[in-house]
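J.: sequence-free structure coming up:
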Ligand SMILES: Nc1ncnc2c1ncn2[C@@H]1O[C@H](COP(=O)(O)OP(=O)(O)OP(=O)(O)O)[C@@H](O)[C@H]1O
Ligand SMILES: [Mg+2]
């Protein structure tokens, strides 16, 4: 047995990596397949639909930029939901935390007008994270203290958050004019588009940099994914988070406070969702209005599921969902397939991921049975 | 012709050959004891037979006919039943409901509980498995729950019954009853495979003994041809000291001082009713008792997992009455929990991650919130080596270890921490004789180093061989204290079951407001 000590774990690690990456890919492929059948059965040309979908999402640098643009908030919300899951918590209210993050950014961006970029942007980002965390804090305390289920409480807080923002943009924070929205934040409070960072000459020479509306938020998002990965893998915070998620009794026995870990996990999850709100404000809309998020908080659940709660996996998962939504317009325009079909495909992805989870759950239960009988 | 025949079964896991061309025959009416070190492959082999795992090679024959067993369902259809060490009963349901649940509803059509109940009673009478068919599982003792599992297998028509370490959680009395049941099963023509690490049980119950080591069958014998020493040698491949010698101890400073401790159980009933004792450095104090007499709650209080309702506890003079689990670890208390799956391990974590559980906040494993994987790996490899945890690597997930090796992992972590006070609840549960010898030596080493050890064990033999003093706990109180040489199994057993304790029982009722308050 001893001679296999060196070789096999490495091989096994590859196996598990393959397994981890492979199954979501299969789910996504199945979703596309069944999606095509649905498109075809509804009397459309499935081939043309997917060609248009592809063209609209990956057809050129501008389209790729669009995909990135739409993936940015999803990376944050995917990280948010995924981090919660790793502690055994289902933060279904990322949407509300996102609204609070957006609110903090939109407000501070205006209040701090005049200060330089290097000061304003970090303040806005941090403040939005704090706002998201604060919005998750009360559900977290309720969970830790009286055991109120986070699915109910975070959802309730989503409604409160959304209506709060609705009211603010109609009332106290409304910009002059007809439209219910806040005043635009000044340029030094914005996240610039990627192509704005390069000179016209460079863009000419390197056309793949003409990424249209994609903004610097993607860098923040990727850095954050790496940061979350490091936290989970290399810090005691992440270690305790995972321990509690897997086995709260053993965690308690090891002197880990399950309640406090729960509070921290939900607040960090809320902070990540809050960041999604700020990058949308700072990078895309530059102001706050009622509809500034198209359900990113909820799509984040699907992203986290597809990524199997792995922070790095969240990036490709968010890009997939970003691509689907970026290509939807082209699909309608060129293949005459209603955009809503995309919702079906998204739902199918979730369905197949969930189905796989269900299958795995049974497999695992069987394994667990097999295991637990090892006296 | 054998009822069950295994031909050259092979089962490979990544990095481990769990079964290598294992052949086994089981005759009608025979009890075969499957013996072997931790990780020898016993559970794996039986899981293959029961359809929980699929073999990589070999075949299974029932009554001489090749049997395709890909799932427990198919195993049951072939008349194979298995009782696992961790039961799979639905707690709030009754005995009958649980037994019927195992049966595919489609088969019975609409479940007729009345008929089912009759059958349960009929089977239980036939095999001497006395049970109340209407009792709720959660109200039953472990021994009774096991009985339900056996009844369930019989209800499903088992002709071959596999029992994986059935006695690990039983009291000596329950073990005797189980043996009676097993005997009556084989008298009725059933066949039994019995996995255990307890050699005296093997000698008492088996018709034939099959010994496995490193995934292979290494020998076969009969109780009349061997003795416990011989069995141990066959298993481990060397001579094993079944009872370690312990040098006389010198009692140092008092390490743990418990006075008039009171505590409630989960349901709010008083479980610890005024317990006082102390443990000094260099001493092993054992708490003996039938399970459910307050030992669990007592241990939970000491390690900071339960708030006492009265009394005080001091560790080296420091008040730890209201200490949390964390501060208790930091004060130098180690805890081997009785339920390794629930409290001892994070089964989804790898071995290295499990080995720092509780120490993960302290150097060298982490500083300022950052883990140091190198230090963790180095320590993990050392512990795995020192404690002979059988595994290809420290990166293996804990759930992939054999039961006994999981236990070794917990012991390695808790003793390896080098605590001031070691609270060990059933520290050798599920360990093979070689590993028990090793763990006993470790515990005595702690003692020799002047550390204090509080041992809670159902194994009287373990208590007698390790303890300097023995406290007998009954109904939440310490009813007797013995020094090591005063006690023997018989007297301990007498006091553990309430012998001479009737008066105490009355006292408890008189001190009743707390109890009846809990009931309401
Ligand atoms: N699911 C699994 N994945 C990987 N390895 C496994 C798995 N199950 C068992 N093993 C390995 O197979 C070997 C045999 O394990 P098994 O549980 O059969 O031992 P056992 O004889 O029942 O031991 P014990 O007396 O400790 O219960 C062990 O080395 C164990 O680590
Ligand atoms: Mg086993």
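T.: Received, thanks. The shown structure was predicted, so the numbers you read here are calculated from the model rather than taken from an experiment. Numbering: from 1, shown residues only, chains lettered A, B, ... in the order given. Ligands and ions are numbered 1, 2, ... in the order given.

J.: tell me the pLDDT of residue 147.
T.: Unless you meant another one, I'm taking chain A. pLDDT for residue A:147: 86.

J.: try again with chain B
T.: For residue B:147, the pLDDT comes out at 87.

J.: helix/strand/coil for it?
T.: helix (DSSP: H, G, I helix; E, B strand; the rest coil).

J.: any idea how far ligand 2 is from it?
T.: 21 Å (Cβ to the ion, to the nearest Å). Every residue, glycine included, has its C-beta placed from N, CA and C.

J.: neighbours around that residue, how many?
T.: 23 (other Cβ atoms under 10 Å in any protein chain shown).

J.: got a list of what it touches?
T.: If you count contacts by Cβ atoms under 8 Å, 6 or more residues apart in numbering or on different chains, residue B:147 has them with B:129, B:131, B:181.

J.: look up the closest residue to residue B:498, ignoring the ones flanking it.
T.: Once flanking residues are discounted, residue B:498 sits nearest to residue B:474: 5.4 Å by Cβ to Cβ, 6 or more residues apart in numbering or on different chains.

J.: can you list phi and psi of residue 60 for me?
T.: Assuming you mean chain A. phi -160, psi 180 (degrees, to the nearest 10).

J.: my bad, the chain I had in mind was chain B
T.: The phi and psi values for residue B:60, taken as degrees, to the nearest 10, are phi -110, psi 130.

J.: element containing the closest residue to residue A:58 other than its chain neighbours, please.
T.: Spatial nearest neighbour of residue A:58, excluding adjacent residues (Cβ to Cβ, 6+ apart): residue A:64 at 5.8 Å. Using DSSP states H and E, residue A:64 maps to helix A:61-86.

J.: which elements pack onto that helix?
T.: Judged by 3 or more Cβ pairs under 8 Å, 6 or more residues apart in numbering or on different chains; DSSP states H and E, helix A:61-86 is in contact with helix A:46-58, helix A:94-111, helix A:217-234, helix A:236-246, helix A:258-280, helix A:296-306, helix A:314-335.

J.: residue A:129: neighbour count?
T.: Applying other Cβ under 10 Å, we find 26 residues neighbouring residue A:129.

J.: repeat that for residue B:134.
T.: 11.

J.: point out the residues in the stretch 51-200 of chain B that sit beside chain A.
T.: By Cβ under 8 Å from any Cβ of the partner chain, the residues of the stretch 51-200 of chain B that approach chain A are B:52, B:53, B:82, B:84, B:85, B:86, B:88, B:164, B:165, B:168, B:195, B:197.

J.: which of the residues you listed sit farthest apart?
T.: Pairwise distances across those peak at 22.1 Å for B:88 and B:197 (criterion: Cβ to Cβ).

J.: between the two, who's got more neighbours?
T.: With other Cβ under 10 Å as the criterion, residue B:88 and residue B:197 differ in neighbour count, and residue B:197 comes out ahead with 27 against 15.

J.: what are the ranges of the strands in the stretch 101-250 of chain B?
T.: B:160-164, B:191-195, B:208-213, B:216-221 (DSSP state E, counting those that start in this stretch).

J.: buried residues, the last one. List them.
T.: So the one you mean is strand B:216-221. For strand B:216-221, a neighbour-count test (16 or more other Cβ atoms under 10 Å in any protein chain shown) marks B:216, B:217, B:218, B:219, B:221 as buried.

J.: what does the pLDDT read for the first one?
T.: Meaning residue B:216. For residue B:216, the model assigns a pLDDT of 94.

J.: that one bridge partners, please.
T.: residue B:213 (DSSP bridges).

J.: same deal with the last one?
T.: In this structure, residue B:221 has the following beta-bridge partners (DSSP bridges): residue B:209.

J.: how near is it to residue B:230?
T.: 8 Å (Cβ to Cβ, to the nearest Å).

J.: nearest to ligand 2 among the contacts of residue B:147?
T.: If you rank the contacts of residue B:147 by distance to ligand 2 using Cβ to the ion, residue B:181 comes first, at 21.3 Å.

J.: nearest spatial neighbour of that closest one, skipping sequence neighbours?
T.: residue B:129 (5.6 Å).

J.: check residue B:356 too.
T.: Among residues not flanking residue B:356 along the chain, residue B:365 sits closest, at 4.8 Å (Cβ to Cβ, 6+ apart).

J.: gap between the one you found and residue B:423?
T.: Remark: distance between residue B:365 and residue B:423 (Cβ to Cβ) = 22 Å.

J.: between those two, which is the more surrounded one?
T.: Using other Cβ under 10 Å, the more surrounded residue of residue B:365 and residue B:423 is residue B:423, with 26 against 20.

J.: list phi and psi for the residue nearest to residue B:181.
T.: The phi/psi pair for residue B:129 (degrees, to the nearest 10) reads phi -100, psi 80.

J.: what's the local residue count around residue 182?
T.: Since no chain was named, I'll use chain A. For residue A:182, the count of nearby residues is 25 (other Cβ under 10 Å).

J.: hmm, I had chain B in mind actually
T.: Residues near residue B:182, counting by other Cβ under 10 Å: 21.

J.: wait, which of the helices and strands packed on helix A:61-86 is closest to ligand 2?
T.: Ligand 2 sits nearest to helix A:236-246 of all the helices and strands packed on helix A:61-86, at 21.9 Å, using Cβ to the ion.

J.: for that closest one, the distance to its chain's centre please.
T.: Chain-centre distance of helix A:236-246: 21 Å, with Cα atoms, centre = their mean, to the nearest Å.

J.: how about stretch A:296-313?
T.: 6 Å.

J.: tell me if that stretch is near chain B.
T.: No: counting by Cβ under 8 Å from any Cβ, chain B is not contacted by stretch A:296-313; separation bottoms out at 12.5 Å.

J.: how about the residues of the stretch 51-200 of chain B next to chain A in CSV, adding pLDDT and distance to residue A:212?
T.: Converted to CSV, those look like this (pLDDT from 0 to 100; distance: Cβ to Cβ, whole Å):
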residue, pLDDT, distance to residue A:212
B:52, 90, 55
B:53, 91, 54
B:82, 92, 62
B:84, 84, 59
B:85, 71, 61
B:86, 67, 57
B:88, 68, 57
B:164, 92, 63
B:165, 91, 65
B:168, 83, 66
B:195, 94, 66
B:197, 91, 68
